[in-house]
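Student: A structural model of the following input is requested.
(one chain, ligands or ions: 1)
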Amino acid sequence: MDIIFLGGLEIETVIGIYDWERKIKQKIFLDIEMAFDIKKAAETDDITFTLDYKTVSDRIVSFVEASEFYLVETLIEEIANILLKEFPIPWVKIILNKKGAISRARDVGIIIERGRK
Ligand SMILES: Nc1nc2c(c(=O)[nH]1)N=C([C@H](O)[C@@H](O)CO)CN2
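Tutor: Presented below is the predicted three-dimensional model:
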């Protein structure tokens, strides 16, 4: 299966378990890989036969911007659910990076894979 991906998608949202985190917006970064057969789109050169990564990006950005979860676990699982329910993809891998959440670490977050390739 081919992969359509979004890398380093930067979004500001309310996320975190501490009181101070409930009052501010923080940046999260998403890397998203989605299994999709690109053959027909490549043969026809027609956007209607592929997964429009702009549509995917717009949907995820508006969802995350409006969300107010406590845990990154909840946020990433909800993103996976949206992708698998609303788009014709059988498998997704998501890396959620909450950069700066740990002062001594460059990167911190979660990686999940859902569905089947
Ligand atoms: N497994 C997790 N650990 C922690 C989370 C989380 O969402 N999942 N969140 C925090 C705080 O909100 C942290 O990001 C603030 O620095 C701590 N641990």
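Student: and stretch 106-117, average pLDDT?
Tutor: Average pLDDT, stretch 106-117: 97.
Student: sorry, that was for stretch 91-98
Tutor: 98.
Student: what sits up against that stretch?
Tutor: Stretch 91-98 has contacts (CB atoms under 8 Å, 6 or more residues apart in numbering) with 1, 15, 26, 28-35, 72, 75-76, 79-80, 83-84, 107-117. No exception for glycine: its C-beta is placed from N, CA and C like everyone else's.
Student: can you check stretch 1-16 too?
Tutor: Outside stretch 1-16, the residues within contact range by CB under 8 Å, 6+ apart are 21-22, 24-39, 50-51, 53, 56-57, 60-61, 64-65, 67-70, 72, 75, 90-91, 98, 101, 117.
Student: are any of those residues buried, and which?
Tutor: By neighbour count, with 16 or more other CB atoms under 10 Å, the contacts of stretch 1-16 hold 28-36, 50-51, 56, 60-61, 64, 69, 72, 75, 91, 98, 101 as buried.
Student: narrow those residues to those in helices?
Tutor: 56, 60-61, 64, 72, 75 (DSSP state H).
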